[in-house]
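**Q** Structure, please.
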Amino acid sequence: YASVIVFIVGYLLFKGIQSFRASYFVSAPERLNIVQYGSRTAFYSLTSTSGRSYVMYLPPDLKMSVPGGYGEYRLGSVGKLVHLYKDPSLIQKTLSVASSSFVHAYFYTSSDEVFYGTEVAAEKTRPSIRTIMFADSNIGYLDRLYLALKLIRQSGEDYTLLSYNEEVNKIYNEILFEDEAFEQNTIGLLYQKPYRLEQQNIQLQYADSYKTAVKLSALLEGNGIRVNDLAEKRQPVQRCQLIHDEQHDSQTLRDMAVFFDCDVKEGDTDIYDILFVLGEAEQAWEIR
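**A** You can find the predicted model right below:
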C-alpha cells in the first residue's frame, strides 16, 4: 500500500506542477481575452503591459457566424447550442472569429436559457469577479484566481470601449454583426506583441472551405501572426497539424497548438516557418 500511496502522491504533484506551468501565472500572455456570456455578453481584452484594455458589449439579438457549420445564430441562442451539443467551445470559437483574436477564457451558464434584447450595458464595467470565480468556464481555479487578482483593483474606467458595425436585414428583421468591418476598424489593437516580434511565416492548408480558411487567416492576423499563403490541398482527414523545421520552435507555434488543439511535428516546410494543416479543425471551425 505504501508504494501505491507514494505513486498517487507523486502523480498528483506531477499534474499539479504541469497545471501550474500551463497557467497564466507562469505564461502571463501579453494580452488576455475573455468573454462573459449571458443576457449581457461582454468581450474583454486585458493588457498585462502599459497598453490599453478594451471592452465590447454585444446584445442577445445580434446575429453572428457560429463556427462548426452552424451558420448565423443570434448570440442569445448560442448558449442553447452549447447545451444541445454539449460543446461550450462554441462560445470561444464564435467570439474569436468575431473579434479576430484568441479568446483564452470564457464564462457562461450551463442552462439552456435563450436570451433576447437589443440593449447593451450603458456604462463600462470591469469583468465580474463573482462570475470569474464561480461561473462555468474552460479554465481552472488557479487561472480564475490569477484573473481575480488582476482585476480586483480595476474599474470600468480602465477600459476603452470597442464599437462594431451592424447590418440590418429589414426583410427578416435581423441585426447582423459586421465582422469584416470590425476587423478593419480594430487592426493593430488586439494583437500579441510576441507574435509580431517572432514574425513567423505561415502557410495555411485547407481541403474544402476557402471561406473557413479566410476566416482563420483573419483570426491569426488579428493576433499579429502573419499568414503568407492559403493553399488548397486534398488529403486524408487527420488531426490538425503544425509542421515546423527544427530551427523554428516559437511561442507562436506553441500557442497555436494549444488554441487549435493541433499536433506539432518537425518536417519540411518549404519557404515557410510553419505549415498549418487544418485537417479535422476545418470542420470544427467551418464557416457557412
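**Q** tell me the contacts of residue 214?
**A** Counting by Cβ atoms under 8 Å, 6 or more residues apart in numbering, residue 214 touches residue 230. C-beta here means a position set from N, CA and C on the backbone, and glycine is covered the same way.
**Q** do the one 10 residues further on as well
**A** By Cβ under 8 Å, 6+ apart, residue 224 lies in contact with 191-193, 195-196.
**Q** Three-state assignment for the one residue sitting closest to the centre of the chain, please.
**A** By Cα atoms, centre = their mean, the chain has its centre lying nearest to residue 103, at 2.6 Å. The local conformation at residue 103, judged by DSSP: H, G, I helix; E, B strand; the rest coil, is coil.
**Q** Check what pLDDT it gets.
**A** pLDDT for residue 103: 96.
**Q** cool, the one 4 residues further on as well?
**A** In this model, residue 107 is scored at 97, pLDDT.
**Q** is it true that it touches residue 37?
**A** Yes: with contacts counted by Cβ atoms under 8 Å, residue 107 reaches residue 37, the gap being 6.7 Å.
**Q** out of the two, which sits in the more crowded spot?
**A** Neighbours around residue 107 and residue 37, counted as other Cβ atoms under 10 Å, are more numerous at residue 37. The numbers are 28 against 25.
**Q** which SS class is residue 230?
**A** Under three-state DSSP, residue 230 falls in the strand class.
**Q** Count the neighbours of it for me.
**A** By the measure other Cβ under 10 Å, the count of residues near residue 230 is 16.
**Q** what are the ranges of the strands in the stretch 101-250 of the chain?
**A** 105-108, 136-137, 159-161, 166-169, 174-177, 201-206, 226-232, 241-244 (DSSP state E, counting those that start in this stretch).
**Q** Switch those over to TSV; also include distance to residue 284.
**A** Shown next, in TSV, are the strands of the stretch 101-250 of the chain (distance: least, Cβ to Cβ, whole Å):
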stretch	distance to residue 284
strand 105-108	16
strand 136-137	20
strand 159-161	31
strand 166-169	26
strand 174-177	21
strand 201-206	12
strand 226-232	18
strand 241-244	14
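**Q** what about those, which gets the closest to residue 98?
**A** With Cβ to Cβ as the measure, strand 174-177 is the member of these nearest residue 98 (6.0 Å).
**Q** buried ones in the closest one?
**A** 176-177 (16 or more other Cβ atoms under 10 Å).
**Q** Parallel or antiparallel, list what pairs with it.
**A** Sheet pairing for strand 174-177, assigned by DSSP bridges, gives strand 62-66 (parallel), strand 166-169 (antiparallel).
**Q** Can you say which of those strands is packed in most?
**A** strand 62-66 (a mean of 21; mean count of other Cβ atoms under 10 Å).
**Q** So which elements touch the helix or strand following it?
**A** Moving toward the C-terminus from strand 62-66, the next helix or strand (DSSP states H and E) is strand 71-74. Counting contacts by 3 or more Cβ pairs under 8 Å, 6 or more residues apart in numbering; DSSP states H and E, strand 71-74 packs against strand 62-66.
**Q** List the buried residues of stretch 263-276.
**A** Buried, per 16+ other Cβ under 10 Å, within stretch 263-276: 269, 272-276.
**Q** quick one on the thing from earlier: for the strands of the stretch 101-250 of the chain, which one sits closest to residue 51?
**A** Among the strands of the stretch 101-250 of the chain, strand 159-161 comes nearest to residue 51, with 10.1 Å by Cβ to Cβ.
**Q** Relative to the closest one, what are the paired strands and their orientations?
**A** Paired neighbours of strand 159-161 in the sheet (DSSP bridges): strand 53-58 (parallel).
**Q** Please state the mean pLDDT value computed over the partner strand.
**A** For strand 53-58, mean pLDDT rounds to 95.
**Q** could I get it in CSV with only the CA atoms?
**A** Extracted C-alpha coordinates of strand 53-58, given in CSV (Å, rounded to 0.1, in the frame of the first residue of the first chain):
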residue,chain,number,x,y,z
SER,A,53,-7.5,47.2,-22.1
TYR,A,54,-10.7,47.0,-24.1
VAL,A,55,-14.4,46.0,-23.7
MET,A,56,-17.1,45.3,-26.2
TYR,A,57,-20.7,44.7,-25.3
LEU,A,58,-22.9,42.5,-27.5
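**Q** chain center to that strand: distance?
**A** With Cα atoms, centre = their mean, to the nearest Å as the basis, strand 53-58 stands 15 Å off its chain's centre.
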